[in-house]
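*Asks:* Quick one: sequence plus predicted model below, questions after.
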Amino acid sequence: MCTATNYVAKDHYFGRNLDLEFSYRESVTITPRNFPLPFRTVSDLTTHHAFIGMTTVADGYPLYYDATNEKGLSMAGLNFPGNADYKPETPGKNNITPFEFIPWILGQFETVSQAREALQEMVLVDIPFSAEFPLSPLHWIISDREESVTVESVKDGLRVYDNPVGLLTNNPTFDIQLFNLNNYASMSTAQPENHFSKKLQLDTYSRGLGAVGLPGDLSSMSRFVKAAFTAMNSISGESESEAISQFFHILGSVAQQRGCVEVGDKYEITIYSSCCNTDKGIYYYTTYENSQVTAVDMHKVDLDGADLSTYPLVTGQQILAQN
Ligand SMILES: C[C@H](CCC(=O)NCCS(=O)(=O)O)[C@H]1CC[C@H]2[C@@H]3CC[C@@H]4C[C@H](O)CC[C@]4(C)[C@H]3C[C@H](O)[C@]12C
């Protein structure tokens, strides 16, 4: 399971939790403007926007989980099992494979509205990357500072939803996730008034009573509600330190602790949490065992280059000894 979200302070931030029971040996990768991007059925992009994000690099190709381009357009793929349905090639359309989707959008576009237009002519096709990396069932969030959309290729075709929450988790389909928020209209950051009964005297004996009933479990529908409440009520100062701290706290509200979610004989954990400053092109991350924030700045490499820059994740705790 995973959660992706947005946050705006002075700058705009985009990031996600990757929740899984194993790791694919992730690395942060910068794809510069002249790295030739091959595509299986449409024309290659030899020159394109540069982007930065989390990847597995396979045979020299960056398989992106989430990324942000130099214009601030961002995108993340999250698990969507049982619902994702990729299509055979359709003549006359742009046939894009799921693993090409992030590079294809981020390589070319600057805004969600440009991406939305391109999606009308696009089909997500069922071509796997390789035997080692078969098709995975995903859906995506595409965001800029102003807005987000959710993209779901399901049985009926490609669905593009406006995403007013700026948030994505996993199943069920996005329309149901949004509808489910109706059930939580009474959740509040303020203390409640007694509407229970005029015949009873009820006390506000604790802080935080306005959101009693907000889900706290780790299912995808519950994470959607919990993260939406946290993100949409989030407040921070404008400095980079305050904003990224707030961002990691939003993701922390739906993070997975080892032992709580069984998957066979393993447990799902939040392998990494990311937070990209989309205005500055700085990708911050923490991992399950590294609470220190690590940063990779796309503007510190030559963005006119042709080679990937890859940074294996720093995974052990970085402890500052104070005495
Ligand atoms: C498994 C992850 C989602 C985590 C999650 O949600 N786990 C809970 C399952 S559940 O929701 O509880 O059932 C997803 C998120 C991004 C994915 C990669 C995207 C690039 C590439 C695309 C290729 O086509 C296939 C290989 C590839 C490396 C992908 C592998 C894998 O699929 C990744 C890591």
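*Replies:* Right, received. Where do you want to start?
*Asks:* from here on, contacts and neighbour counts on C-alpha atoms
*Replies:* OK.
*Asks:* what about the strands in the stretch 1-150 of the chain?
*Replies:* Along the stretch 1-150 of the chain, the stretches classed as strands by DSSP state E, counting those that start in this stretch are 2-8, 12-20, 27-31, 51-58, 61-69, 74-79, 94-96, 122-124, 138-143, 148-154.
*Asks:* Can you name the element that comes right after the last one?
*Replies:* By that I understand strand 148-154. strand 157-162 (DSSP states H and E).
*Asks:* Work out the gap between that following strand and the centre of the chain.
*Replies:* With CA atoms, centre = their mean, to the nearest Å as the basis, strand 157-162 stands 17 Å off its chain's centre.
*Asks:* Okay, now the sheet partners of that strand, with direction.
*Replies:* strand 148-154 (antiparallel) (DSSP bridges).
*Asks:* Next, the angle strand 2-8 makes with the partner strand.
*Replies:* 160 degrees (axes from the mean of the first three to the mean of the last three CA atoms, to 10 degrees).
*Asks:* sorry, back to before: could I get the strands of the stretch 1-150 of the chain as JSON lines with mean neighbour count, mean pLDDT and distance to residue 311?
*Replies:* What follows is the strands of the stretch 1-150 of the chain, written out as JSON lines (neighbours: other CA atoms under 10 Å; pLDDT from 0 to 100; distance: least, CA to CA, whole Å):
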{"stretch": "strand 2-8", "mean neighbour count": "25", "mean pLDDT": "96", "distance to residue 311": "21"}
{"stretch": "strand 12-20", "mean neighbour count": "26", "mean pLDDT": "97", "distance to residue 311": "17"}
{"stretch": "strand 27-31", "mean neighbour count": "26", "mean pLDDT": "98", "distance to residue 311": "5"}
{"stretch": "strand 51-58", "mean neighbour count": "23", "mean pLDDT": "98", "distance to residue 311": "9"}
{"stretch": "strand 61-69", "mean neighbour count": "25", "mean pLDDT": "98", "distance to residue 311": "12"}
{"stretch": "strand 74-79", "mean neighbour count": "27", "mean pLDDT": "98", "distance to residue 311": "19"}
{"stretch": "strand 94-96", "mean neighbour count": "22", "mean pLDDT": "98", "distance to residue 311": "27"}
{"stretch": "strand 122-124", "mean neighbour count": "22", "mean pLDDT": "98", "distance to residue 311": "29"}
{"stretch": "strand 138-143", "mean neighbour count": "27", "mean pLDDT": "98", "distance to residue 311": "24"}
{"stretch": "strand 148-154", "mean neighbour count": "23", "mean pLDDT": "98", "distance to residue 311": "28"}
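*Asks:* could you dump these to CSV with distance to the ligand?
*Replies:* Shown next, in CSV, are those (distance: least, CA to the nearest ligand atom, whole Å):
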stretch, distance to the ligand
strand 2-8, 5
strand 12-20, 5
strand 27-31, 11
strand 51-58, 6
strand 61-69, 4
strand 74-79, 4
strand 94-96, 11
strand 122-124, 11
strand 138-143, 7
strand 148-154, 14
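*Asks:* okay if I get these as CSV plus distance to residue 268?
*Replies:* Output for the strands of the stretch 1-150 of the chain, formatted as CSV (distance: least, CA to CA, whole Å):
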stretch, distance to residue 268
strand 2-8, 10
strand 12-20, 5
strand 27-31, 19
strand 51-58, 19
strand 61-69, 17
strand 74-79, 13
strand 94-96, 30
strand 122-124, 28
strand 138-143, 18
strand 148-154, 24
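*Asks:* ok, residue 214 - contacts?
*Replies:* 184, 187, 225-226 (CA atoms under 8 Å, 6 or more residues apart in numbering).
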